[in-house]
Every structure is written in structure tokens, then in C-alpha cells.
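Asks: Just the structure for this:
(one chain, ligands or ions: 1)
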Amino acid sequence: MRPFLIAPSILSADFARLGEDVDAVLKAGADVVHFDVMDNHYVPNLTIGPMVCQALRDYGVTADIDVHLMVKPVDRIIPDFAKAGATIITFHPEASEHVDRSLQLIKESGCKAGLVFNPGTPLHYLDHVMDKLDVILLMSVNPGFGGQSFIPSTLDKLRQVRKLINDSGFDIRLEVDGGVKVDNIAEIAAAGADMFVAGSAIFSQPDYKTVIDEMRSELASTES
Ligand SMILES: O=C(CO)[C@H](O)[C@H](O)COP(=O)(O)O
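Replies: Now for the predicted structure:
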């Protein structure tokens, strides 16, 4: 498997000083910035858009930005995020009228593409599009808010998707998002995830480096 990636969700960052907080979490050892976009329509919350992504780039953030679209419709906003500096764009297949078209749009915009599955969303949306995916993101909470508890049935879903990825032969990251903490990250990795979104577990701590180091040491324990 590829190296594990830790992607702090800036949903739990300090929005009043976002650039500094993102800088701090990257300096503390995070790999990727996870950027949650909520529209108060597909999910019951409202967050940030392409202007904020661009602002992070202008501030000097060079790390990959992983844009998780919790919006409906999907396609209209994709080019704006690509222009604003997104590296990866993922969306929920049931929020798109044309899943293949949305994936193509992301690729044509120069970004990596992925599909996101809510805890209750079936995996059949993966049929026929595996060759277009760079990332599969499994939500381990229902989307909309940080600070929720990890839903244990996600572990079985992770094992299923890990097998699908391995059997497909494609180079696809398996990302997990929701309730990821130091004390469950090893179990989640053992189930097949290789990219870990964590919001409250990191940003609620005074020292981001300590918690990221603890996560890495838990992850290292799964490799021995
Ligand atoms: O997409 C999300 C919610 O829809 C968040 O990224 C996710 O919940 C992470 O927050 P936490 O680690 O606090 O659970």
C-alpha cells in the first residue's frame, strides 16, 4: 500500500485566522488540507467556497488541497475550484445527475477525481467508473458536521472497497472521513484506509504536532 496520508479537515480550524491555522497544521506534519464545502441544501450546513481555496493559495499554502463537495448540483462549481487551486475534487454520486460526466469534468479541469459514499450510500456507484477514480472517500459519519462519532459499520465497508481497489489494479486512494482519532486510526488503517481525514481530533488540541505524531505512530504499528 502507498504511504499513509493525514488530512486535517479545516471545518474544525479557526476560520478567523484560517491561513495561520492551516500553516500551523502543515508545519506540524499534516500531508494534505481537507476542505469541506457544504451548501445548506445537500447537507444541513453552510461553509466555504472557491474564494477561500484561492485565499489559502494566495496566503502561500502549497500542500495538496482535497476539496470535498457536499453540494447539489455538482458540476457548476467544479471549474471554479480547479481555478482556485484544488488538487483533488470529490463529490457524492447521488448528488450528480451524470456521475461519469462530473468525473470527466474534474479530470479535464486538471484535478484528481473521487467519489464519496455516505454511511448509507451503496457501493454500486463504483461500477463502470473505477478507471476514472483517483480517490474513494468513505464517510464514517453522516455529512454536515465535525465532531461526530465514527460509525463502526464503516470498517466492513472499508474492507469491501479495499478488495475492490486491489482487484481492479487501479491506483486509487481509500480515504475515510468522520470521527477519526488517535485511538481508532490503527483499526481503520487495518481495514484498508490509506488517507485519514481528522478535524476535531487535531484542531481541538493545543499542540497539533503531538496528535499528528501519535496518529503516525499508531499507523506505523499496523505496518509491523
Ligand atoms: O466532512 C465532514 C463532515 O461532513 C468532516 O470532514 C468530518 O466530519 C471531520 O470532522 P471530525 O474529524 O471532527 O469528525
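Asks: where does Ala7 fall, phi/psi-wise?
Replies: The phi/psi pair for Ala7 (degrees, to the nearest 10) reads phi -120, psi 90.
Asks: Beta-bridge partners for it, please?
Replies: Beta-bridge pairing of Ala7 under DSSP bridges involves Val197.
Asks: Can you get me a residue count around it?
Replies: Ala7 has 29 neighbours, counted by other C-beta atoms under 10 Å. Using the backbone N, CA and C atoms, a C-beta is placed for each residue, glycine as well.
Asks: With Leu158 instead?
Replies: Residues within reach of Leu158, counting by other C-beta under 10 Å, total 22.
Asks: which residues does Met70 contact?
Replies: 36-39, 42-43, 92, 95, 116, 143-144 (C-beta atoms under 8 Å, 6 or more residues apart in numbering).
Asks: give me that answer again for 10 Å
Replies: 36-45, 47, 90-92, 95, 116, 118, 139, 143-144 (C-beta atoms under 10 Å, 6 or more residues apart in numbering).
Asks: so which of those residues are also by the ligand?
Replies: Contacts with the ligand within the contacts of Met70, counted by C-beta under 6 Å from any ligand atom: 36, 143-144.
Asks: And the helix or strand that Asp21 is a member of, what's buried?
Replies: Using DSSP states H and E, the element containing Asp21 is helix 18-27. Within helix 18-27, the residues that count as buried by 16 or more other C-beta atoms under 10 Å are 18, 21-26.
Asks: That helix packs against which elements?
Replies: The contact analysis (3 or more C-beta pairs under 10 Å, 6 or more residues apart in numbering; DSSP states H and E) places helix 18-27 against strand 5-8, strand 32-38, helix 50-59, helix 200-203, helix 208-221.
Asks: Mean confidence (pLDDT) on that helix, please.
Replies: The pLDDT scores in helix 18-27 average 98.
Asks: Say whether the ligand is contacted by it.
Replies: No - Helix 18-27 does not reach the ligand (C-beta under 6 Å from any ligand atom); its nearest approach is 12.7 Å.
Asks: Tally up the residues packed near Arg17, please.
Replies: Arg17 is flanked by 11 other residues according to other C-beta under 10 Å.
Asks: What segments of the protein are helices?
Replies: For the chain, the helices defined by DSSP state H occupy 18-27, 50-59, 78-83, 99-108, 154-168, 185-190, 200-203, 208-221.
Asks: contacts for the fourth one?
Replies: I take that to be helix 99-108. Helix 99-108 is contacted from outside by 67, 69, 73-76, 78-79, 81-82, 86, 88-93, 95-96, 98, 111-115, 125-126, 128-129, 131-134, using C-beta under 10 Å, 6+ apart.
Asks: which of the residues you listed are buried?
Replies: Neighbour-count burial (16+ other C-beta under 10 Å) applied to the contacts of helix 99-108 gives 67, 69, 74-75, 78-79, 81-82, 86, 88-93, 95-96, 111-115, 125-126, 129, 132-134.
Asks: Asp80 - how many residues pack around it?
Replies: Neighbourhood size, Asp80 [other C-beta under 10 Å]: 15.
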